[in-house]
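Undergrad: show me the folded form of this:
(chains A and B)
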There are 2 protein chains.
Amino acid sequence: MTQDIDQDDDNPRCASGRARLYVEEALFVGAPLVLDKDQTHYLANVLRMGPGAHVLLFNGRDGEWAAEISEISRKSAHLIVTVQTRNFEPLPDIWLLFAPVKKARLDFIAQKATEMGASLIQPVITRRTIVSRVKDARLAANVVEAAEQCGLVAVPQVREAEKLGTILDRWSKENPDRLILFCDEAAAPGGALGHLAAIAKSHPRGGPFALLIGPEGGFDDEERAKLLKREDTRAISLGPRIMRADTAAIAALAAVQLMLGDW
Amino acid sequence: MTQDIDQDDDNPRCASGRARLYVEEALFVGAPLVLDKDQTHYLANVLRMGPGAHVLLFNGRDGEWAAEISEISRKSAHLIVTVQTRNFEPLPDIWLLFAPVKKARLDFIAQKATEMGASLIQPVITRRTIVSRVKDARLAANVVEAAEQCGLVAVPQVREAEKLGTILDRWSKENPDRLILFCDEAAAPGGALGHLAAIAKSHPRGGPFALLIGPEGGFDDEERAKLLKREDTRAISLGPRIMRADTAAIAALAAVQLMLGDW
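TA: Numbering: from 1, shown residues only, chains lettered A, B, ... in the order given. Reported below is the predicted structural model:
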(Lines give C-alpha, C1' and ligand atoms only; values in the text may rest on other atoms or scores of the structure.)
Protein backbone atom coordinates (compact mmCIF):
# COMPACT_ATOMS: atom_id res chain seq x y z
CA MET A 1 0.00 0.00 0.00
CA THR A 2 1.41 3.39 -0.89
CA GLN A 3 1.73 6.25 1.55
CA ASP A 4 -0.52 8.76 -0.15
CA ILE A 5 -3.29 8.90 2.42
CA ASP A 6 -1.64 10.70 5.26
CA GLN A 7 0.16 13.39 3.34
CA ASP A 8 1.43 15.09 6.42
CA ASP A 9 3.27 12.03 7.45
CA ASP A 10 7.01 12.20 7.61
CA ASN A 11 7.41 10.45 10.91
CA PRO A 12 9.45 7.29 11.04
CA ARG A 13 7.58 4.01 10.97
CA CYS A 14 6.24 2.92 14.32
CA ALA A 15 7.89 -0.44 14.34
CA SER A 16 11.11 -0.06 12.40
CA GLY A 17 12.63 1.53 9.33
CA ARG A 18 11.99 -1.61 7.25
CA ALA A 19 9.44 -1.87 4.50
CA ARG A 20 6.37 -3.66 5.75
CA LEU A 21 3.54 -4.56 3.39
CA TYR A 22 0.09 -6.08 3.65
CA VAL A 23 -0.67 -8.80 1.10
CA GLU A 24 -3.69 -11.01 0.51
CA GLU A 25 -1.83 -14.25 -0.27
CA ALA A 26 -0.96 -17.08 2.12
CA LEU A 27 2.52 -16.76 3.64
CA PHE A 28 4.84 -19.76 4.14
CA VAL A 29 8.49 -20.61 3.47
CA GLY A 30 9.15 -20.49 -0.26
CA ALA A 31 5.85 -18.85 -1.19
CA PRO A 32 6.24 -16.84 -4.43
CA LEU A 33 4.50 -13.46 -4.54
CA VAL A 34 3.95 -10.84 -7.19
CA LEU A 35 3.25 -7.33 -5.88
CA ASP A 36 0.89 -4.91 -7.58
CA LYS A 37 1.91 -1.64 -9.24
CA ASP A 38 1.39 0.58 -6.18
CA GLN A 39 3.42 -1.61 -3.85
CA THR A 40 6.08 -2.08 -6.50
CA HIS A 41 6.33 1.69 -6.96
CA TYR A 42 6.71 2.11 -3.21
CA LEU A 43 9.58 -0.42 -3.03
CA ALA A 44 11.34 0.62 -6.23
CA ASN A 45 10.94 4.39 -6.25
CA VAL A 46 10.22 5.47 -2.69
CA LEU A 47 12.50 3.04 -0.85
CA ARG A 48 14.81 2.44 -3.85
CA MET A 49 15.01 -1.30 -3.27
CA GLY A 50 16.42 -3.70 -5.80
CA PRO A 51 16.81 -7.48 -6.17
CA GLY A 52 18.18 -9.12 -3.01
CA ALA A 53 16.56 -6.59 -0.66
CA HIS A 54 14.24 -7.85 2.08
CA VAL A 55 10.78 -6.68 3.08
CA LEU A 56 8.35 -7.76 5.78
CA LEU A 57 4.94 -9.11 4.80
CA PHE A 58 1.74 -9.86 6.73
CA ASN A 59 -1.76 -10.88 5.66
CA GLY A 60 -3.75 -10.68 8.89
CA ARG A 61 -3.72 -14.48 9.34
CA ASP A 62 -0.22 -15.98 9.19
CA GLY A 63 1.88 -13.65 11.35
CA GLU A 64 4.76 -11.69 9.82
CA TRP A 65 7.27 -13.03 7.30
CA ALA A 66 10.43 -11.79 5.64
CA ALA A 67 10.64 -12.01 1.87
CA GLU A 68 13.44 -11.36 -0.63
CA ILE A 69 12.97 -9.42 -3.83
CA SER A 70 14.00 -11.66 -6.75
CA GLU A 71 12.97 -9.39 -9.64
CA ILE A 72 11.66 -5.84 -9.73
CA SER A 73 10.54 -3.72 -12.69
CA ARG A 74 8.35 -0.63 -13.06
CA LYS A 75 5.19 -2.66 -13.01
CA SER A 76 5.72 -5.58 -10.70
CA ALA A 77 7.98 -7.06 -8.06
CA HIS A 78 8.58 -10.78 -7.57
CA LEU A 79 9.33 -11.95 -4.03
CA ILE A 80 10.10 -15.24 -2.31
CA VAL A 81 9.06 -15.66 1.32
CA THR A 82 12.08 -16.74 3.39
CA VAL A 83 11.36 -16.93 7.11
CA GLN A 84 8.66 -16.16 9.69
CA THR A 85 9.57 -13.15 11.82
CA ARG A 86 6.53 -13.03 14.15
CA ASN A 87 3.68 -15.30 15.12
CA PHE A 88 0.08 -14.29 14.58
CA GLU A 89 -1.44 -12.48 17.57
CA PRO A 90 -5.25 -12.30 17.48
CA LEU A 91 -7.08 -9.10 18.43
CA PRO A 92 -9.65 -8.94 21.19
CA ASP A 93 -13.11 -9.43 19.67
CA ILE A 94 -14.17 -5.77 19.90
CA TRP A 95 -16.01 -4.20 16.96
CA LEU A 96 -16.30 -0.46 16.39
CA LEU A 97 -19.58 0.66 14.83
CA PHE A 98 -19.54 4.41 14.26
CA ALA A 99 -21.58 7.05 12.49
CA PRO A 100 -19.32 8.24 9.66
CA VAL A 101 -17.93 11.77 9.64
CA LYS A 102 -16.27 13.60 6.79
CA LYS A 103 -12.91 13.14 5.10
CA ALA A 104 -9.92 13.60 7.41
CA ARG A 105 -11.90 12.71 10.52
CA LEU A 106 -13.04 9.45 8.94
CA ASP A 107 -9.46 8.59 7.93
CA PHE A 108 -8.51 9.35 11.48
CA ILE A 109 -11.08 7.01 13.01
CA ALA A 110 -10.03 4.16 10.72
CA GLN A 111 -6.32 4.63 11.47
CA LYS A 112 -6.72 5.06 15.22
CA ALA A 113 -9.21 2.20 15.60
CA THR A 114 -6.72 -0.06 13.81
CA GLU A 115 -3.82 0.97 16.02
CA MET A 116 -5.97 0.53 19.13
CA GLY A 117 -6.89 -3.00 18.10
CA ALA A 118 -10.51 -2.98 16.96
CA SER A 119 -11.23 -6.32 15.25
CA LEU A 120 -13.88 -4.94 12.87
CA ILE A 121 -14.96 -1.45 11.88
CA GLN A 122 -18.26 -0.55 10.27
CA PRO A 123 -19.81 2.82 9.46
CA VAL A 124 -23.40 3.03 10.68
CA ILE A 125 -25.91 5.45 9.19
CA THR A 126 -28.10 6.95 11.91
CA ARG A 127 -30.90 9.52 11.56
CA ARG A 128 -28.61 12.44 12.35
CA THR A 129 -25.73 11.17 10.22
CA ILE A 130 -24.89 13.84 7.66
CA VAL A 131 -22.44 11.81 5.62
CA SER A 132 -24.39 9.53 3.30
CA ARG A 133 -21.63 7.92 1.24
CA VAL A 134 -18.52 6.29 2.63
CA LYS A 135 -15.66 5.32 0.33
CA ASP A 136 -15.02 1.74 1.34
CA ALA A 137 -11.72 1.56 -0.52
CA ARG A 138 -10.42 4.60 1.32
CA LEU A 139 -11.50 3.18 4.66
CA ALA A 140 -9.75 -0.11 3.88
CA ALA A 141 -6.63 1.72 2.69
CA ASN A 142 -6.43 3.64 5.95
CA VAL A 143 -6.75 0.43 7.93
CA VAL A 144 -4.01 -1.30 5.94
CA GLU A 145 -1.71 1.71 6.14
CA ALA A 146 -2.03 1.89 9.93
CA ALA A 147 -1.45 -1.86 10.23
CA GLU A 148 1.64 -1.65 8.01
CA GLN A 149 3.11 1.26 9.93
CA CYS A 150 2.41 0.01 13.43
CA GLY A 151 3.66 -3.52 13.02
CA LEU A 152 0.29 -5.17 13.42
CA VAL A 153 -0.07 -8.80 12.38
CA ALA A 154 -3.87 -8.74 12.69
CA VAL A 155 -5.95 -6.36 10.59
CA PRO A 156 -9.49 -5.26 11.40
CA GLN A 157 -12.18 -6.38 8.99
CA VAL A 158 -13.89 -3.45 7.25
CA ARG A 159 -17.62 -3.67 6.58
CA GLU A 160 -19.69 -1.51 4.29
CA ALA A 161 -21.84 1.24 5.75
CA GLU A 162 -25.36 0.17 6.75
CA LYS A 163 -28.35 1.77 8.40
CA LEU A 164 -28.57 1.42 12.17
CA GLY A 165 -32.07 -0.07 11.95
CA THR A 166 -30.95 -2.73 9.47
CA ILE A 167 -28.02 -3.74 11.64
CA LEU A 168 -30.08 -3.92 14.83
CA ASP A 169 -32.93 -5.88 13.20
CA ARG A 170 -30.51 -8.67 12.28
CA TRP A 171 -28.38 -8.47 15.42
CA SER A 172 -29.90 -11.15 17.63
CA LYS A 173 -29.83 -13.64 14.75
CA GLU A 174 -26.32 -12.87 13.49
CA ASN A 175 -24.61 -11.88 16.73
CA PRO A 176 -26.49 -13.62 19.53
CA ASP A 177 -23.64 -13.39 22.06
CA ARG A 178 -22.18 -10.01 21.15
CA LEU A 179 -22.96 -7.26 23.67
CA ILE A 180 -23.57 -3.79 22.22
CA LEU A 181 -21.79 -1.06 24.19
CA PHE A 182 -23.86 1.98 23.35
CA CYS A 183 -22.08 5.31 23.97
CA ASP A 184 -24.97 7.33 25.30
CA GLU A 185 -24.36 11.09 25.34
CA ALA A 186 -27.55 11.51 27.34
CA ALA A 187 -26.40 9.13 30.12
CA ALA A 188 -25.61 10.67 33.48
CA PRO A 189 -21.99 11.88 33.28
CA GLY A 190 -19.22 10.66 35.56
CA GLY A 191 -20.33 7.05 35.43
CA ALA A 192 -18.13 5.66 32.66
CA LEU A 193 -15.87 3.70 35.02
CA GLY A 194 -18.85 2.26 36.87
CA HIS A 195 -20.63 1.29 33.66
CA LEU A 196 -17.59 -0.51 32.26
CA ALA A 197 -16.69 -2.14 35.58
CA ALA A 198 -20.20 -3.60 35.82
CA ILE A 199 -19.91 -5.07 32.32
CA ALA A 200 -16.45 -6.47 33.18
CA LYS A 201 -18.04 -8.41 36.07
CA SER A 202 -20.67 -10.10 33.92
CA HIS A 203 -18.85 -10.55 30.61
CA PRO A 204 -15.53 -12.15 29.67
CA ARG A 205 -12.54 -9.96 28.94
CA GLY A 206 -11.77 -9.95 25.21
CA GLY A 207 -15.34 -9.93 23.95
CA PRO A 208 -17.40 -10.44 21.90
CA PHE A 209 -18.37 -6.76 22.15
CA ALA A 210 -19.52 -4.10 19.67
CA LEU A 211 -18.94 -0.47 20.59
CA LEU A 212 -21.56 1.83 19.02
CA ILE A 213 -20.86 5.57 18.63
CA GLY A 214 -23.31 8.11 17.27
CA PRO A 215 -22.79 11.15 15.05
CA GLU A 216 -22.25 14.77 16.08
CA GLY A 217 -25.39 15.60 17.98
CA GLY A 218 -25.89 12.00 19.12
CA PHE A 219 -28.64 9.50 18.45
CA ASP A 220 -32.17 10.83 18.17
CA ASP A 221 -34.72 10.13 20.91
CA GLU A 222 -36.35 7.20 19.16
CA GLU A 223 -33.05 5.53 18.31
CA ARG A 224 -31.90 6.01 21.90
CA ALA A 225 -35.12 4.58 23.35
CA LYS A 226 -34.88 1.52 21.10
CA LEU A 227 -31.26 0.92 22.09
CA LEU A 228 -31.97 1.27 25.80
CA LYS A 229 -34.78 -1.30 25.57
CA ARG A 230 -32.58 -4.04 24.10
CA GLU A 231 -31.40 -6.83 26.38
CA ASP A 232 -28.15 -7.22 24.42
CA THR A 233 -27.18 -3.56 24.90
CA ARG A 234 -25.56 -1.61 27.75
CA ALA A 235 -25.32 2.18 27.80
CA ILE A 236 -21.98 3.69 28.76
CA SER A 237 -21.20 7.35 29.36
CA LEU A 238 -17.97 9.06 28.44
CA GLY A 239 -17.33 11.79 30.98
CA PRO A 240 -18.89 15.17 31.63
CA ARG A 241 -17.63 17.02 28.56
CA ILE A 242 -18.96 16.87 25.02
CA MET A 243 -16.45 15.48 22.53
CA ARG A 244 -16.53 15.50 18.76
CA ALA A 245 -17.72 12.23 17.23
CA ASP A 246 -14.24 11.12 16.15
CA THR A 247 -12.75 11.91 19.55
CA ALA A 248 -15.56 10.03 21.28
CA ALA A 249 -14.94 6.98 19.07
CA ILE A 250 -11.30 6.65 19.98
CA ALA A 251 -11.77 7.63 23.62
CA ALA A 252 -14.45 4.96 23.98
CA LEU A 253 -12.30 2.38 22.25
CA ALA A 254 -9.40 3.13 24.61
CA ALA A 255 -11.70 2.83 27.63
CA VAL A 256 -13.15 -0.46 26.37
CA GLN A 257 -9.74 -1.94 25.53
CA LEU A 258 -8.57 -1.01 29.02
CA MET A 259 -11.55 -2.42 30.91
CA LEU A 260 -12.77 -5.22 28.61
CA GLY A 261 -9.98 -5.84 26.08
CA ASP A 262 -6.28 -6.64 26.23
CA TRP A 263 -4.61 -3.49 27.61
CA MET B 1 -10.82 32.43 16.96
CA THR B 2 -11.32 31.82 13.30
CA GLN B 3 -11.84 28.41 11.82
CA ASP B 4 -8.78 28.22 9.62
CA ILE B 5 -6.93 25.50 11.48
CA ASP B 6 -8.98 22.47 10.69
CA GLN B 7 -9.57 23.03 7.03
CA ASP B 8 -11.38 19.78 6.55
CA ASP B 9 -13.95 20.73 9.07
CA ASP B 10 -17.48 21.16 7.91
CA ASN B 11 -19.12 19.29 10.73
CA PRO B 12 -21.65 21.09 12.86
CA ARG B 13 -20.49 22.47 16.18
CA CYS B 14 -20.43 19.93 18.97
CA ALA B 15 -22.53 21.89 21.37
CA SER B 16 -24.94 23.83 19.22
CA GLY B 17 -25.18 25.91 16.10
CA ARG B 18 -24.57 29.13 18.03
CA ALA B 19 -21.43 31.18 17.79
CA ARG B 20 -19.21 30.50 20.79
CA LEU B 21 -16.03 32.47 21.33
CA TYR B 22 -13.12 32.43 23.74
CA VAL B 23 -12.14 35.83 25.14
CA GLU B 24 -9.49 36.94 27.64
CA GLU B 25 -11.57 39.53 29.49
CA ALA B 26 -13.59 39.05 32.69
CA LEU B 27 -17.25 38.18 32.07
CA PHE B 28 -20.10 39.65 34.16
CA VAL B 29 -23.50 41.25 33.52
CA GLY B 30 -23.02 44.47 31.57
CA ALA B 31 -19.36 43.88 30.74
CA PRO B 32 -18.46 45.70 27.50
CA LEU B 33 -16.19 43.82 25.09
CA VAL B 34 -14.46 44.67 21.84
CA LEU B 35 -13.56 41.68 19.66
CA ASP B 36 -10.44 41.53 17.52
CA LYS B 37 -10.37 41.47 13.73
CA ASP B 38 -10.37 37.67 13.35
CA GLN B 39 -13.33 37.12 15.66
CA THR B 40 -15.16 40.05 14.10
CA HIS B 41 -14.60 38.59 10.63
CA TYR B 42 -15.99 35.27 11.83
CA LEU B 43 -19.17 36.86 13.22
CA ALA B 44 -19.72 39.35 10.41
CA ASN B 45 -18.68 37.43 7.32
CA VAL B 46 -18.85 33.73 8.18
CA LEU B 47 -21.93 33.76 10.39
CA ARG B 48 -23.35 37.00 8.89
CA MET B 49 -24.35 38.40 12.26
CA GLY B 50 -25.39 42.00 12.76
CA PRO B 51 -26.31 44.28 15.70
CA GLY B 52 -28.77 42.63 18.08
CA ALA B 53 -27.48 39.09 17.47
CA HIS B 54 -26.30 37.02 20.42
CA VAL B 55 -23.12 35.01 20.87
CA LEU B 56 -21.80 32.84 23.69
CA LEU B 57 -18.53 33.77 25.41
CA PHE B 58 -16.21 32.00 27.83
CA ASN B 59 -12.78 32.82 29.24
CA GLY B 60 -11.79 29.65 31.07
CA ARG B 61 -12.61 31.16 34.50
CA ASP B 62 -16.13 32.63 34.68
CA GLY B 63 -18.32 29.98 33.04
CA GLU B 64 -20.27 30.78 29.87
CA TRP B 65 -22.13 34.01 29.14
CA ALA B 66 -24.42 35.34 26.43
CA ALA B 67 -23.57 38.69 24.89
CA GLU B 68 -25.37 40.93 22.44
CA ILE B 69 -23.67 42.61 19.50
CA SER B 70 -24.21 46.37 19.82
CA GLU B 71 -22.02 47.51 16.91
CA ILE B 72 -20.13 45.61 14.23
CA SER B 73 -17.87 46.87 11.45
CA ARG B 74 -15.19 45.26 9.29
CA LYS B 75 -12.55 45.73 11.93
CA SER B 76 -14.22 45.31 15.30
CA ALA B 77 -17.35 44.17 17.06
CA HIS B 78 -18.71 45.72 20.27
CA LEU B 79 -20.63 43.42 22.61
CA ILE B 80 -22.43 43.74 25.94
CA VAL B 81 -22.56 40.69 28.21
CA THR B 82 -26.18 40.01 29.16
CA VAL B 83 -26.60 36.81 31.18
CA GLN B 84 -24.68 33.79 32.45
CA THR B 85 -25.63 30.61 30.58
CA ARG B 86 -23.42 28.08 32.40
CA ASN B 87 -21.41 27.91 35.59
CA PHE B 88 -17.68 27.26 35.56
CA GLU B 89 -16.79 23.54 35.75
CA PRO B 90 -13.17 22.88 36.69
CA LEU B 91 -11.17 20.17 34.92
CA PRO B 92 -9.52 17.28 36.74
CA ASP B 93 -5.91 18.23 37.49
CA ILE B 94 -4.34 16.05 34.78
CA TRP B 95 -1.50 17.44 32.71
CA LEU B 96 -0.42 16.03 29.36
CA LEU B 97 3.31 16.22 28.68
CA PHE B 98 4.10 14.86 25.22
CA ALA B 99 6.98 14.69 22.78
CA PRO B 100 5.89 16.91 19.88
CA VAL B 101 5.20 15.42 16.47
CA LYS B 102 4.78 17.19 13.18
CA LYS B 103 2.04 19.44 11.88
CA ALA B 104 -1.36 17.76 11.61
CA ARG B 105 -0.57 15.22 14.29
CA LEU B 106 0.41 17.98 16.71
CA ASP B 107 -2.82 19.88 15.95
CA PHE B 108 -4.62 16.66 16.58
CA ILE B 109 -3.04 16.07 20.00
CA ALA B 110 -3.86 19.63 21.11
CA GLN B 111 -7.49 19.37 19.95
CA LYS B 112 -8.14 15.90 21.35
CA ALA B 113 -6.40 16.58 24.67
CA THR B 114 -8.60 19.66 25.09
CA GLU B 115 -11.80 17.75 24.34
CA MET B 116 -10.75 14.98 26.70
CA GLY B 117 -10.20 17.45 29.52
CA ALA B 118 -6.44 17.79 30.06
CA SER B 119 -5.85 20.78 32.36
CA LEU B 120 -2.43 21.66 30.92
CA ILE B 121 -0.54 20.58 27.83
CA GLN B 122 3.20 20.93 27.32
CA PRO B 123 5.47 19.67 24.55
CA VAL B 124 8.54 17.93 25.95
CA ILE B 125 11.75 17.56 23.98
CA THR B 126 13.29 14.13 24.51
CA ARG B 127 16.45 12.66 22.99
CA ARG B 128 14.57 10.94 20.19
CA THR B 129 12.26 13.89 19.50
CA ILE B 130 12.66 14.86 15.86
CA VAL B 131 10.60 18.05 15.97
CA SER B 132 12.72 20.82 17.46
CA ARG B 133 10.44 23.86 17.14
CA VAL B 134 6.83 23.99 18.23
CA LYS B 135 4.64 26.91 17.22
CA ASP B 136 3.13 27.95 20.52
CA ALA B 137 0.53 30.17 18.88
CA ARG B 138 -0.70 27.31 16.73
CA LEU B 139 -0.89 24.99 19.72
CA ALA B 140 -2.89 27.59 21.66
CA ALA B 141 -5.16 28.24 18.66
CA ASN B 142 -5.96 24.54 18.41
CA VAL B 143 -6.80 24.40 22.10
CA VAL B 144 -9.08 27.42 21.89
CA GLU B 145 -10.79 26.13 18.76
CA ALA B 146 -11.54 22.77 20.37
CA ALA B 147 -12.85 24.49 23.51
CA GLU B 148 -15.06 26.80 21.44
CA GLN B 149 -16.49 23.97 19.40
CA CYS B 150 -17.07 21.50 22.21
CA GLY B 151 -18.75 23.82 24.66
CA LEU B 152 -15.96 23.72 27.23
CA VAL B 153 -15.96 26.35 29.95
CA ALA B 154 -12.47 25.41 31.15
CA VAL B 155 -9.49 25.66 28.81
CA PRO B 156 -6.19 23.82 29.27
CA GLN B 157 -3.16 25.96 29.94
CA VAL B 158 -0.53 25.69 27.18
CA ARG B 159 3.13 25.72 28.16
CA GLU B 160 6.13 26.25 25.91
CA ALA B 161 8.20 23.27 24.86
CA GLU B 162 11.02 22.37 27.22
CA LYS B 163 13.63 19.65 27.46
CA LEU B 164 12.69 16.58 29.47
CA GLY B 165 15.80 16.90 31.67
CA THR B 166 15.00 20.53 32.53
CA ILE B 167 11.44 19.67 33.47
CA LEU B 168 12.42 16.71 35.61
CA ASP B 169 15.24 18.58 37.40
CA ARG B 170 12.74 21.17 38.68
CA TRP B 171 9.86 18.77 39.24
CA SER B 172 10.19 17.94 42.95
CA LYS B 173 10.53 21.64 43.78
CA GLU B 174 7.74 22.94 41.55
CA ASN B 175 5.35 19.98 41.62
CA PRO B 176 6.01 18.13 44.88
CA ASP B 177 2.63 16.37 44.96
CA ARG B 178 2.09 15.71 41.26
CA LEU B 179 2.57 12.06 40.27
CA ILE B 180 4.16 11.47 36.85
CA LEU B 181 2.39 8.75 34.88
CA PHE B 182 5.10 7.59 32.52
CA CYS B 183 3.84 5.71 29.45
CA ASP B 184 6.50 3.09 29.15
CA GLU B 185 6.59 1.30 25.79
CA ALA B 186 9.06 -1.17 27.23
CA ALA B 187 6.77 -2.15 30.13
CA ALA B 188 5.31 -5.65 30.07
CA PRO B 189 2.17 -5.47 27.91
CA GLY B 190 -1.29 -6.32 29.13
CA GLY B 191 -0.83 -4.59 32.47
CA ALA B 192 -2.37 -1.17 31.82
CA LEU B 193 -5.49 -1.81 33.85
CA GLY B 194 -3.47 -3.20 36.77
CA HIS B 195 -1.05 -0.28 36.71
CA LEU B 196 -3.81 2.33 36.74
CA ALA B 197 -5.90 0.46 39.32
CA ALA B 198 -2.91 0.39 41.69
CA ILE B 199 -2.43 4.15 41.32
CA ALA B 200 -6.16 4.70 41.89
CA LYS B 201 -5.84 2.95 45.25
CA SER B 202 -3.04 5.16 46.52
CA HIS B 203 -3.86 8.52 44.92
CA PRO B 204 -6.98 10.69 44.92
CA ARG B 205 -9.21 10.74 41.84
CA GLY B 206 -8.85 14.03 40.00
CA GLY B 207 -5.12 14.48 40.43
CA PRO B 208 -2.67 16.10 40.57
CA PHE B 209 -1.21 13.90 37.83
CA ALA B 210 1.05 14.49 34.82
CA LEU B 211 0.86 12.01 31.97
CA LEU B 212 4.17 11.74 30.09
CA ILE B 213 4.28 10.35 26.52
CA GLY B 214 7.43 9.83 24.50
CA PRO B 215 8.11 10.29 20.79
CA GLU B 216 7.91 7.71 17.98
CA GLY B 217 10.47 5.15 19.03
CA GLY B 218 9.98 5.86 22.73
CA PHE B 219 12.33 7.20 25.37
CA ASP B 220 15.98 6.17 25.14
CA ASP B 221 17.46 3.75 27.68
CA GLU B 222 19.00 6.42 29.88
CA GLU B 223 15.83 8.55 29.96
CA ARG B 224 13.81 5.45 30.80
CA ALA B 225 16.17 4.35 33.58
CA LYS B 226 16.05 7.84 35.13
CA LEU B 227 12.26 7.93 35.03
CA LEU B 228 11.92 4.46 36.56
CA LYS B 229 14.20 5.47 39.47
CA ARG B 230 12.06 8.45 40.51
CA GLU B 231 9.82 8.11 43.53
CA ASP B 232 7.27 10.53 42.06
CA THR B 233 6.83 8.46 38.88
CA ARG B 234 4.83 5.35 38.00
CA ALA B 235 5.24 3.46 34.73
CA ILE B 236 2.06 2.48 32.91
CA SER B 237 1.79 0.26 29.84
CA LEU B 238 -0.70 0.74 27.01
CA GLY B 239 -1.56 -2.64 25.63
CA PRO B 240 0.29 -5.15 23.49
CA ARG B 241 0.31 -3.25 20.19
CA ILE B 242 2.57 -0.39 19.16
CA MET B 243 0.69 2.85 18.52
CA ARG B 244 1.89 6.03 16.89
CA ALA B 245 2.88 8.75 19.34
CA ASP B 246 -0.27 10.81 18.80
CA THR B 247 -2.52 7.78 19.18
CA ALA B 248 -0.71 6.77 22.36
CA ALA B 249 -1.16 10.27 23.80
CA ILE B 250 -4.93 10.29 23.43
CA ALA B 251 -5.37 6.62 24.32
CA ALA B 252 -3.42 7.18 27.53
CA LEU B 253 -5.39 10.31 28.35
CA ALA B 254 -8.67 8.42 27.89
CA ALA B 255 -7.43 5.60 30.15
CA VAL B 256 -6.27 8.07 32.81
CA GLN B 257 -9.50 10.11 32.70
CA LEU B 258 -11.45 6.88 33.11
CA MET B 259 -9.43 5.46 36.01
CA LEU B 260 -8.10 8.59 37.74
CA GLY B 261 -10.09 11.54 36.34
CA ASP B 262 -13.75 12.46 36.03
CA TRP B 263 -15.16 10.03 33.47
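
Undergrad: in a helix, A:N142, correct?
TA: Yes: assessed with DSSP: H, G, I helix; E, B strand; the rest coil, A:N142 lies in a helix.

Undergrad: how about the strands in chain A?
TA: A:20-22, A:32-35, A:54-58, A:64-72, A:77-86, A:94-98, A:120-125, A:157-158, A:162-163, A:179-183, A:209-213, A:233-236 (DSSP state E).

Undergrad: tabulate the ones you listed in JSON lines, adding columns for mean neighbour count and distance to B:G30.
TA: For glycine as for every other residue, the C-beta is placed from the backbone atoms N, C-alpha and C. Putting the strands of chain A into JSON lines (neighbours: other CB atoms under 10 Å in any protein chain shown; distance: least, CB to CB, whole Å) gives the following:
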{"stretch": "strand A:20-22", "mean neighbour count": "20", "distance to B:G30": "62"}
{"stretch": "strand A:32-35", "mean neighbour count": "18", "distance to B:G30": "70"}
{"stretch": "strand A:54-58", "mean neighbour count": "21", "distance to B:G30": "65"}
{"stretch": "strand A:64-72", "mean neighbour count": "18", "distance to B:G30": "66"}
{"stretch": "strand A:77-86", "mean neighbour count": "17", "distance to B:G30": "67"}
{"stretch": "strand A:94-98", "mean neighbour count": "27", "distance to B:G30": "45"}
{"stretch": "strand A:120-125", "mean neighbour count": "22", "distance to B:G30": "47"}
{"stretch": "strand A:157-158", "mean neighbour count": "18", "distance to B:G30": "56"}
{"stretch": "strand A:162-163", "mean neighbour count": "14", "distance to B:G30": "51"}
{"stretch": "strand A:179-183", "mean neighbour count": "23", "distance to B:G30": "41"}
{"stretch": "strand A:209-213", "mean neighbour count": "25", "distance to B:G30": "42"}
{"stretch": "strand A:233-236", "mean neighbour count": "20", "distance to B:G30": "43"}
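
Undergrad: same list, those strands, but as JSON lines with mean pLDDT and distance to chain B please.
TA: Shown next, in JSON lines, are the strands of chain A (pLDDT from 0 to 100; distance: least, CB to the nearest CB, whole Å):
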{"stretch": "strand A:20-22", "mean pLDDT": "95", "distance to chain B": "12"}
{"stretch": "strand A:32-35", "mean pLDDT": "96", "distance to chain B": "24"}
{"stretch": "strand A:54-58", "mean pLDDT": "96", "distance to chain B": "13"}
{"stretch": "strand A:64-72", "mean pLDDT": "97", "distance to chain B": "13"}
{"stretch": "strand A:77-86", "mean pLDDT": "97", "distance to chain B": "12"}
{"stretch": "strand A:94-98", "mean pLDDT": "98", "distance to chain B": "12"}
{"stretch": "strand A:120-125", "mean pLDDT": "96", "distance to chain B": "15"}
{"stretch": "strand A:157-158", "mean pLDDT": "96", "distance to chain B": "16"}
{"stretch": "strand A:162-163", "mean pLDDT": "95", "distance to chain B": "20"}
{"stretch": "strand A:179-183", "mean pLDDT": "97", "distance to chain B": "12"}
{"stretch": "strand A:209-213", "mean pLDDT": "98", "distance to chain B": "13"}
{"stretch": "strand A:233-236", "mean pLDDT": "96", "distance to chain B": "10"}
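
Undergrad: please parse chain A into its domains.
TA: Split into domains by automatic domain parsing, chain A comes to A:20-86, A:94-260.

Undergrad: most neighbours per residue, which of those?
TA: When the domains of chain A are scored by mean count of other CB atoms under 10 Å in any protein chain shown, the highest mean neighbour count falls to domain A:94-260 (a mean of 20).

Undergrad: okay, now that one: how far is its last residue from its first?
TA: Criterion CA to CA, to the nearest Å; first-to-last residue distance in domain A:94-260 is 9 Å.

Undergrad: okay, the domains of chain A in a markdown table with distance to B:G60 next?
TA: Converted to a markdown table, the domains of chain A look like this (distance: least, CB to CB, whole Å):
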| stretch | distance to B:G60 |
| --- | --- |
| domain A:20-86 | 44 |
| domain A:94-260 | 14 |
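
Undergrad: would you format the strands of chain A as a markdown table with distance to A:A248 included?
TA: Shown next, in a markdown table, are these (distance: least, CB to CB, whole Å):
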| stretch | distance to A:A248 |
| --- | --- |
| strand A:20-22 | 28 |
| strand A:32-35 | 38 |
| strand A:54-58 | 30 |
| strand A:64-72 | 32 |
| strand A:77-86 | 33 |
| strand A:94-98 | 9 |
| strand A:120-125 | 14 |
| strand A:157-158 | 20 |
| strand A:162-163 | 20 |
| strand A:179-183 | 6 |
| strand A:209-213 | 6 |
| strand A:233-236 | 11 |
